[in-house]
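> Fold the following, please.
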Amino acid sequence: MDEENLDRGMPNYMKKLVGLTTSIEEDKHIRRLTAPIKSHGLLSNAYFDCTNEVVKTSFEKWAAMEEPIKFLSEMKKLTFEVFMRMLIGGDNQVDQELFDVVFKETTCLISGVYNLPINFPGFPYYKAIKARRALANIFRKILDERRKAMIAKDYKAMPKSNIIDMLLDTHQDDIDDNEGKGLSDEKIIRMLILFAFAGYEPVALMATKAIMFLEKHPEFMQKAKDEQEDIVKRRPSSNVGLSFDEIKQMKYLSKVINETLRIASNQTVFLKDTNTPYNINGYTIPKGWKFFAVLWNIHMDPDIYVQPEEFNPSRWDDLETKPGSFLPFGMGPRVCPGSNLARLEISVILHYFLLYYRLEQVNPEIYTYPRENCLVRFKKLSV
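Presented below is the predicted three-dimensional model:
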């Protein structure tokens, strides 16, 4: 997208809650300082190890439950636990009380973003403002504690296995090496709230929908399972379980994820404001107008995808997508920075599900947003 002539068109009340910047220069500064996070090998390995552990533990717990579970709700807790451990915990467990509070406030914040901005007691937006304030206070306290720990030790020598430590490290490097301004605590807090807003719920929803699609298409599920079984058979005896390198071997599973993202990203839109009169395909949008592009219309275009309404991972065998035809994570400089980590997390979830578990849906109907949060019995397969 054209950053010079187009700005974020998200309503101001949403920007206020989520913490999006309005200045292009400030946005570029933050992206420059946070770029190392996206390519940090230690963080990727820690993310994989954390996801691996949380998925296995959660699945075993769900399978042991006698009563049906709300699969989507439980999946959100799973992905939020991964998020919280990568945010502040690294290799360590996150305090349960802290987890419960941050999960509750983040859920409240998300609800407020998608409701009318009525700032009056009892309304979701009013509750979301209070939730954002609570999250800011929690993250501020964590930053203070981490900064004290960094002062007490050699922060350069400390391992950086969580996002907060890396943000503080990047902040200090910018000051030390480039004589820059670094990132103020308020900017870091704003970024952490944005990460909380976008870092777990979409992953949970896409993983849930991928599983539901596969359950409804046994032929694709079997093909995906066969691939996972082949990977396990080729696994060296020295490897105890799933490895990071094995994720790269999951060619068919990657197609399953692509197809799920193509069909299920129906709530994603680009909201933009025009800074100048803007021309699109011969149509001029006046300065100051808002417009939005619905990604689902692109992903369901029959000129790009044959029988687009059908779930068919095999369409990706020889499909050559043109630029702008597959945009589940956005595009351009503001593309979702966590896209690769999201795909990694979904891959781990699907790996263990395909090999060892199945769903028994209490209500078999699938909707845009799974009915009753996908009420199921989570069954472990006999090996």
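> Every contact and neighbour count from this point should use C-alpha atoms.
Will do.
> and the helix ranked longest in the chain, what does it pack onto?
Of all the segments of type helix in the chain, defined by DSSP state H, the longest one is helix 124-152. Secondary-structure packing of helix 124-152 (3 or more C-alpha pairs under 8 Å, 6 or more residues apart in numbering; DSSP states H and E): helix 12-18, helix 96-113, helix 163-178, helix 185-198.
> and the ones you listed, which one is worst for confidence?
Lowest mean pLDDT within these: helix 163-178, a mean of 67.
> so can I have JSON lines of the helices and strands packed on helix 124-152 showing distance to Ser58 and mean neighbour count?
JSON lines is the format used below for the helices and strands packed on helix 124-152 (distance: least, C-alpha to C-alpha, whole Å; neighbours: other C-alpha atoms under 10 Å):
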{"stretch": "helix 12-18", "distance to Ser58": "29", "mean neighbour count": "18"}
{"stretch": "helix 96-113", "distance to Ser58": "15", "mean neighbour count": "17"}
{"stretch": "helix 163-178", "distance to Ser58": "23", "mean neighbour count": "18"}
{"stretch": "helix 185-198", "distance to Ser58": "20", "mean neighbour count": "18"}
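> Please identify which of those helices is closest to Ala46.
Using C-alpha to C-alpha as the measure, helix 163-178 is the one of the helices and strands packed on helix 124-152 that comes nearest Ala46, at 10.6 Å.
> I'd like the distance between Glu345 and Gly282.
Per C-alpha to C-alpha, to the nearest Å, Glu345 is found 42 Å from Gly282.
> circling back to that earlier point, adding distance to Lys130, write the helices and strands packed on helix 124-152 out as JSON lines.
Output for the helices and strands packed on helix 124-152, formatted as JSON lines (distance: least, C-alpha to C-alpha, whole Å):
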{"stretch": "helix 12-18", "distance to Lys130": "10"}
{"stretch": "helix 96-113", "distance to Lys130": "8"}
{"stretch": "helix 163-178", "distance to Lys130": "23"}
{"stretch": "helix 185-198", "distance to Lys130": "13"}
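> Those: which one's closest to Lys380?
Among the helices and strands packed on helix 124-152, helix 96-113 sits nearest to Lys380 (C-alpha to C-alpha), with 26.5 Å.
> angle of that closest one against helix 185-198?
Relative orientation of helix 96-113 and helix 185-198, computed by axes from the mean of the first three to the mean of the last three C-alpha atoms, to 10 degrees: 80 degrees.
> Residues contacting helix 96-113, please?
For helix 96-113, contacts defined as C-alpha atoms under 8 Å, 6 or more residues apart in numbering pick out 13-14, 17-18, 80-81, 84, 124-129, 131-132, 134-135, 196-197.
> Export that helix to PDB, keeping only CA atoms.
What follows is helix 96-113, C-alpha atoms only, in PDB (Å, rounded to 0.1, in the frame of the first residue of the first chain):
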ATOM      1  CA  GLN A  96      -1.200 -18.400  36.900                       C
ATOM      2  CA  GLU A  97      -2.700 -15.400  38.600                       C
ATOM      3  CA  LEU A  98      -0.900 -13.100  36.200                       C
ATOM      4  CA  PHE A  99      -2.000 -15.200  33.300                       C
ATOM      5  CA  ASP A 100      -5.600 -15.100  34.400                       C
ATOM      6  CA  VAL A 101      -5.600 -11.300  34.900                       C
ATOM      7  CA  VAL A 102      -3.900 -10.500  31.600                       C
ATOM      8  CA  PHE A 103      -6.200 -12.900  29.700                       C
ATOM      9  CA  LYS A 104      -9.300 -11.400  31.200                       C
ATOM     10  CA  GLU A 105      -8.200  -7.800  30.500                       C
ATOM     11  CA  THR A 106      -7.100  -8.700  26.900                       C
ATOM     12  CA  THR A 107     -10.400 -10.400  26.200                       C
ATOM     13  CA  CYS A 108     -12.200  -7.400  27.400                       C
ATOM     14  CA  LEU A 109     -10.000  -5.100  25.300                       C
ATOM     15  CA  ILE A 110     -10.700  -7.100  22.100                       C
ATOM     16  CA  SER A 111     -14.500  -7.000  22.800                       C
ATOM     17  CA  GLY A 112     -14.400  -3.200  23.100                       C
ATOM     18  CA  VAL A 113     -12.600  -2.800  19.800                       C
END
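> If I take it and helix 124-152, what angle do their directions form?
Using the same axes, to 10 degrees: helix 96-113 against helix 124-152 is 140 degrees.
> just to revisit the earlier point, Glu345 and Gly282: which is more packed in?
Under the criterion of other C-alpha atoms under 10 Å, the comparison of Glu345 against Gly282 puts Glu345 first, with 23 against 7.
> thought that one was touching Phe48?
Yes. If you go by C-alpha atoms under 8 Å, Glu345 and Phe48 touch, sitting 7.3 Å apart.
> got the contact list for Lys76?
Counting by C-alpha under 8 Å, 6+ apart, the residues that Lys76 touches are Tyr200, Glu201, Ala204, Leu205.
> That concludes my questions; thank you for your assistance.
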